[in-house]
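Undergrad: Build the 3D model from these lines:
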Amino acid sequence: MQAIDLHVHSNRSDGTLSPAQLVDYAREKGLKAFALTDHDTIDGLDEAISHAEALKGAAGKPAQPYEDQIIPEVIPGIEFSTEYQKQDVHILGLYIDYKDQAFCRQLREFVDSRITRNRKMCLLLQKAGIPVTYEDLQAEFPDSVLTRAHYAKYLLNRGYIKSMPEAFDRYIGDHCPCFIPREKVTPVQAVELILSAGGVPILAHPILYHMSALRLDTLARELKEAGLAGLEAIYSTYTPAEERDMRRLAAKYDLLVSGGSDFHGATKPGLELGTGYGKLFVPCSLLDDIKKAACRSSLMQE
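TA: Model prediction:
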């Protein structure tokens with residue numbers, strides 16, 4: 001059975017491969033499909049989808065590499081960074097209509113809030129003796145949604161720190177002098193926005209939030225009531241016991257099972273597309289129910 005990967009990042013957020021390179025890599029890996037789910041941005045979707053379409057159009061020509069391999073389906077997606085009771089919670093949207101005008105307008109508002117926050121953080125870094133501007137970061141990481149990982153890379157590349165963790169420990173960690181929290185939507189708002197774009201909302205990597213079982217159960221119930229369709233029950237870092245727990249939670253609230261590697265390229269060394277740290281396997285059979293949910297979601301918006 002072929003594998004899929006429903007949680008993948010490109011260099012349009014904090015990954016290191018371009019969207020087109022991800023398509024080629026997924027093809028090399030033999031994936032049936034993958035979802036491009038960059039943080040709070042859809043900027044890489046056109047490139048990935050058009051590259052996959054171009055490969056399909058050229059399939060069978062003698063000069064084409066990997067001509068015996070399947071060209072993966074590119075699932076248009078996004079990963080929203082949200083806040084639940086002062087804690088980060090991420091919501092994936094799969095099969096979104098990323099050209100929907102209302103969706104794009106709301107997404108632009110999120111991006112604008114990121115820009116304001118980034119400019120303020122740059123000013124704080126300048127006061128701390130590091131001459132960095134928002135424009136400097138844009139030039140260093142063109143076409144990317146800037147995150148704190150980009151700040152850390154910038155500081156490391158210029159010798160202000162000796163390691164990426166040092167940036168968070170000294171400057172941009174949650175309680176450090178150059179950190180400014182970003183305005184975030186709630187998980188319910190993210191679910192509603194994904195549904196408005198005909199997508200399938202998925203609660204990403206619940207184990208990573210380190211919530212008590214009761215609190216996580218409450219979150220799942222509240223989001224189910226808002227329209228949550230699935231839960232990431234298969235993930236790169238889960239133990240077998242954790243995966244069983246997440247499958248049980250999904251079953252309790254009649255949520256679809258989703259899974260992904262959370263691949264970022266060199267940003268997460270050792271974590272591979274499709275296989276995570278070596279033992280991840282997300283069966284393509286999961287896509288059938290997710291596609292049906294996407295069809296239902298789209299019909300509700302018509």
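Undergrad: Confirm that residue 217 lies within a strand, as I assumed.
TA: No - with DSSP: H, G, I helix; E, B strand; the rest coil as the criterion, residue 217 is located in helix rather than a strand.
Undergrad: mind listing the strands for the stretch 51-200 of the chain?
TA: In the stretch 51-200 of the chain, the strands defined using DSSP state E, counting those that start in this stretch lie at 73-84, 87-94, 200-203.
Undergrad: just so I know, which of those strands lies nearest residue 239?
TA: strand 200-203 (18.5 Å; CB to CB). Every residue, glycine included, has its C-beta placed from N, CA and C.
Undergrad: Run me through the strand neighbours of that closest one, direction for each.
TA: Applying DSSP bridges, strand 200-203 is found paired with strand 87-94 (antiparallel), strand 230-235 (parallel).
Undergrad: Contacts for that strand, please.
TA: Contacts with strand 200-203, where a contact means CB atoms under 8 Å, 6 or more residues apart in numbering, come from 6, 89, 91-95, 187, 190-191, 194-195, 219-220, 223, 227-232, 255-256, 258, 290, 293-294, 297.
Undergrad: ok, back up a step: okay, the strands of the stretch 51-200 of the chain, which one's buried deepest?
TA: strand 200-203 (a mean of 31; mean count of other CB atoms under 10 Å).
Undergrad: for that one, the distance to its chain's centre please.
TA: Counting by CA atoms, centre = their mean, to the nearest Å, strand 200-203 is centred 11 Å from the centre of its parent chain.
Undergrad: pLDDT (mean, whole number) over that strand?
TA: Average pLDDT, strand 200-203: 98.
Undergrad: Extract the CA atoms of it and return them as PDB.
TA: The C-alpha coordinates for strand 200-203 follow below in PDB (Å, rounded to 0.1, in the frame of the first residue of the first chain):
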ATOM      1  CA  VAL A 200     -11.400  19.800   6.100                       C
ATOM      2  CA  PRO A 201     -10.200  21.100   9.500                       C
ATOM      3  CA  ILE A 202      -7.800  18.800  11.400                       C
ATOM      4  CA  LEU A 203      -6.400  19.100  14.900                       C
END
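Undergrad: how many neighbours does residue 85 have?
TA: Residues lying near residue 85 (other CB atoms under 10 Å) number 11.
Undergrad: Now the phi/psi pair for it, please.
TA: Here is the backbone geometry of residue 85 (degrees, to the nearest 10): phi 50, psi 50.
Undergrad: hmm, back to that, can you list the strands paired with strand 200-203 in a markdown table and add distance to residue 116?
TA: Compiled in a markdown table, those are given as follows (distance: least, CB to CB, whole Å):
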| stretch | distance to residue 116 |
| --- | --- |
| strand 87-94 | 19 |
| strand 230-235 | 30 |
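Undergrad: follow-up on the earlier one: residue 158 is nearest to which of the strands of the stretch 51-200 of the chain?
TA: Smallest distance to residue 158 across these (CB to CB): 26.4 Å, for strand 73-84.
Undergrad: The closest one packs against which elements?
TA: strand 4-8, strand 33-36, helix 45-58, strand 87-94, helix 187-196 (3 or more CB pairs under 8 Å, 6 or more residues apart in numbering; DSSP states H and E).
Undergrad: Of all the ones you listed, which one is nearest residue 274?
TA: When the helices and strands packed on strand 73-84 are compared for distance to residue 274 using CB to CB, the nearest one is strand 4-8, at 4.8 Å.
Undergrad: And the helices and strands packed on strand 73-84: which comes nearest residue 166?
TA: For residue 166, the closest of the helices and strands packed on strand 73-84 is strand 87-94, at 21.5 Å, according to CB to CB.
Undergrad: Fine by me, we can end here.
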